[in-house]
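Undergrad: need a 3D model of the sequence below.
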Amino acid sequence: MVTVSAVRRLGRYELGEIIGTGGVAEVVRAHVVGAGEFRKAVVIKRVRAELRDNTEVREAFRREALLAQRFHHANVVQALDLGDDDGLPYIVLELVDGCTLQRLLDDTSGGVPLPLAAVLHVTEQIAAALHYVHTLRADDGTPLGLVHRDVTPANVLLGRDGAVKLTDFGIARAAALGSDTLPGFIKGTALYLAPEQAAARPVDGRADLYALGLVLRRMLAGDHDLTAIHPDLAAIVEAATEPAVRDRLASAEVMLHRLQQHRAEVGIGSGAATIAAMVEAACRTPLRRTISLDRALGVAGQERTRQVASAAAPADGSHGSRRRAWWIGGLAVATVAVAALAWPAAQPDRSLPSPSATSTGPSPARPTDLAPEAEATPNGGQPPARSAPSVPPVVETPQTALEVAPAVAAKVSNPPDRARARGRLLINLVPYAEVSIDAKPVGSTPVDETLRSGKHTIELYNPETGRRKSLRVALDPGETLNITHW
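TA: Coordinates of the predicted model:
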């Protein structure tokens, strides 16, 4: 058994601060300590303590680590070790000193596009990573059929040295291995899903190309359409985001070659130095904070995904601009609504993540301490939708309200005797559940709610499996009640 000592050690790893937390795991900055003065910065991703007894989560986490150990590519975050901390599995990953692509996009005021050299550099590196992942083979030479399924700006890490790395294979699927790494969850960021993925049809590497095409479009045009973009690049975006799978670009290698050909034809040099400068600048500026659209409207992310899947996903053989326009238009409306909720945060970056964060993806972290998943937001941030910029939603918590509007918060704060009469309810289930408390919908798990003490009725529902459960719980003053099993 490995234990964490008073000096916060995990075996030979010296633990630092938690820099990201999500529904299943948390990410901790750490150092591996060797002989003499050897110290190397890494990050440790470990299962959350309240899920210690959830065998499905532990097994999925282990499969993710075993899958990640196969990766040996400059544009894919490396897994260094797999361990167990008194029943809690953890993965040791390389630390990328920088920020996410999502952070750079958020810092472009008014949807101003990124420099073209930077756009091509990032897209080429991720296309190279996807080509490597899609063509990876097992030890016996059998193709793994691996699909990332969550290619978003929040899962693209950018280093101060100009490095570009794809991270977070937590929902990746390897067909040859016969299982998903996180069973029971909606797979992917809702508004970056390829139509076949949103409709729960079988997917291959072209689903990742669809998502990368949306990422490319967001970097190229920001809020605007593609009319001002070079026709060759606009054609690449269109080819990558064809609704019908058979009309889409055939592979990441094809996309990479077309990007490289365009770069050569127009005489654009490497964008690594440009990315390095932009990352350095981003790391010196505070994050902007937003409230999740789902949270604000009381709509679960899974419900939104099902709506997109049922209404927007065309059949494989379908054609026509009207279907594409509806699909993209729907994404634009949701994205604009999220953008309208944004406001500047008055607090420094170190205030995130909140200890009570309840997002399905990790909360934003300080960009200088970036680790895989550390700056991801619920649903990975909003996508371009071809007409609107993306803004990464974060969970609204009491702490957020105090930071944004201290004067208002002070007026509504509970007196001490009232605060003592309240308790905290944490719900984190696999498979996920849509939750209602006392007949009031509060969203999908994980849920973190402060409630008055006394009896409450909890309704759980998973729309994918049809499973329902009703619980009657009693919450004592000051108590924290965890529900981690159906």
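Undergrad: what separation is there between residue 86 and residue 198?
TA: From residue 86 over to residue 198 the distance is 39 Å, taken as C-beta to C-beta, to the nearest Å. The C-beta positions use only the backbone N, C-alpha and C, and glycine is treated the same way.
Undergrad: what's the helix or strand in which residue 120 is found packed up against?
TA: Using DSSP states H and E, residue 120 falls within helix 116-134. Under the contact definition 3 or more C-beta pairs under 8 Å, 6 or more residues apart in numbering; DSSP states H and E, helix 116-134 sits against strand 146-147, strand 156-159, strand 164-166, helix 205-221, helix 252-266, helix 272-283.
Undergrad: was I right to think residue 437 contacts residue 457?
TA: Yes - in this structure, residue 437 is within contact of residue 457 by C-beta atoms under 8 Å, at 7.4 Å.
Undergrad: so which of the two has more stuff around it?
TA: The residue with more neighbours, out of residue 437 and residue 457, is residue 437; 17 against 12, by other C-beta atoms under 10 Å.
Undergrad: show the subsequent helix or strand relative to the helix or strand hosting residue 16.
TA: Assigned by DSSP H and E, residue 16 belongs to strand 13-21. Next helix or strand after strand 13-21 toward the C-terminus (DSSP H and E): strand 25-33.
Undergrad: counting neighbours, go ahead and name the busier of residue 86 and residue 198.
TA: Using other C-beta under 10 Å as the criterion, residue 86 and residue 198 rank with residue 198 on top: 25 against 11.
Undergrad: hmm, back to that, the helices and strands packed on helix 116-134: which one's closest to residue 242?
TA: When the helices and strands packed on helix 116-134 are compared by C-beta to C-beta, helix 205-221 sits nearest residue 242, at 8.0 Å.
Undergrad: still on that earlier bit, and the helix holding residue 120 with helix 272-283, angle?
TA: Angle, helix 116-134 to helix 272-283, by axes from the mean of the first three to the mean of the last three C-alpha atoms, to 10 degrees: 100 degrees.
Undergrad: measure stretch 143-157 end to end?
TA: With C-alpha to C-alpha, to the nearest Å as the measure, stretch 143-157 spans 27 Å from end to end.
Undergrad: cool, stretch 64-83 as well?
TA: Stretch 64-83 has an end-to-end distance of 13 Å (criterion: C-alpha to C-alpha).
Undergrad: so that it lines up with my notes, have the first residue be 49 from now on.
TA: Noted, 49 is the first residue going forward, which turns the last one into stretch 112-131.
Undergrad: tell me which residues of it are tucked away?
TA: When burial is assessed from 16 or more other C-beta atoms under 10 Å, stretch 112-131 yields the following buried residues: 112-113, 115-116, 118-119, 121, 123-131.
Undergrad: need the pLDDT of residue 61.
TA: Note for residue 61: predicted pLDDT of 91.
Undergrad: for the one 4 residues further on, same thing?
TA: pLDDT recorded at residue 65 is 88.
Undergrad: neighbours of it, how many?
TA: 12.
Undergrad: excluding residues flanking it in the chain, which one is nearest it?
TA: Computed as C-beta to C-beta, 6 or more residues apart in numbering, the closest residue to residue 65 that is not its neighbour in sequence is residue 77, at 5.7 Å.
Undergrad: quick one: residues contacting that neighbour.
TA: Contacts were defined as C-beta atoms under 8 Å, 6 or more residues apart in numbering; by that measure residue 77 touches 63, 64, 65, 66, 67, 89, 91, 143, 417, 419.
Undergrad: how far away is it from residue 136?
TA: From residue 77 to residue 136 the distance is 17 Å (C-beta to C-beta).
Undergrad: residue 264 too?
TA: 38 Å.
Undergrad: look at these two and report which has more neighbours.
TA: Neighbour comparison, residue 264 and residue 136: the larger count goes to residue 264, with 25 against 18 (by other C-beta under 10 Å).
Undergrad: quick one: pLDDT of the more buried one?
TA: 96.
Undergrad: what sits against it?
TA: The contact partners of residue 264, taken as C-beta under 8 Å, 6+ apart, are 167, 171, 281, 284, 285, 288.
Undergrad: how does it look with 6 Å?
TA: By C-beta atoms under 6 Å, 6 or more residues apart in numbering, the contact set of residue 264 is 171, 285.
Undergrad: strands of the stretch 99-248 of the chain, start to end?
TA: Listed in chain order, the strands of the stretch 99-248 of the chain (DSSP state E, counting those that start in this stretch) span 127-133, 136-142, 146-148, 194-195, 204-207, 212-214, 221-222, 227-228.
Undergrad: among the ones you listed, single out whichever gets nearest to residue 73.
TA: Nearest of those (C-beta to C-beta): strand 136-142, 8.6 Å.
Undergrad: name the residues that touch that closest one?
TA: With contact meaning C-beta under 6 Å, 6+ apart, strand 136-142 is reached by 90-95, 100, 106, 109-110, 113, 125-131, 420.
Undergrad: same question for stretch 173-184.
TA: With contact meaning C-beta under 6 Å, 6+ apart, stretch 173-184 is reached by 121, 123-124, 192, 194, 212, 214, 253, 256, 260, 300-301, 303-304.
Undergrad: what's the domain layout of the chain?
TA: Split into domains by automatic domain parsing, the chain comes to 57-142, 146-446, 465-531.
Undergrad: lowest average pLDDT across these?
TA: domain 146-446 (a mean of 70).
Undergrad: do me a favour and get the end-to-end distance for stretch 220-239?
TA: 17 Å.
Undergrad: same question but for stretch 195-205, I mixed them up
TA: OK, stretch 195-205 end separation, C-alpha to C-alpha: 18 Å.
Undergrad: if we can go back for a sec, helices and strands around the strand holding residue 64, which ones?
TA: If you count contacts as 3 or more C-beta pairs under 6 Å, 6 or more residues apart in numbering; DSSP states H and E, strand 61-69 packs onto strand 73-81.
Undergrad: next, the buried residues of the strand it packs on.
TA: 73, 74, 75, 76, 77, 78, 79, 80.
Undergrad: can I get that strand in CSV, CA atoms only?
TA: Taking Å, rounded to 0.1, in the frame of the first residue of the first chain, the C-alpha atoms of strand 73-81 are listed here in CSV:
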residue,chain,number,x,y,z
ALA,A,73,-10.4,12.4,-11.3
GLU,A,74,-8.2,15.2,-10.0
VAL,A,75,-4.9,16.4,-11.4
VAL,A,76,-2.0,17.2,-9.0
ARG,A,77,1.2,18.9,-9.7
ALA,A,78,4.1,16.8,-8.5
HIS,A,79,7.8,16.0,-8.7
VAL,A,80,9.5,12.7,-9.1
VAL,A,81,12.4,12.6,-6.7
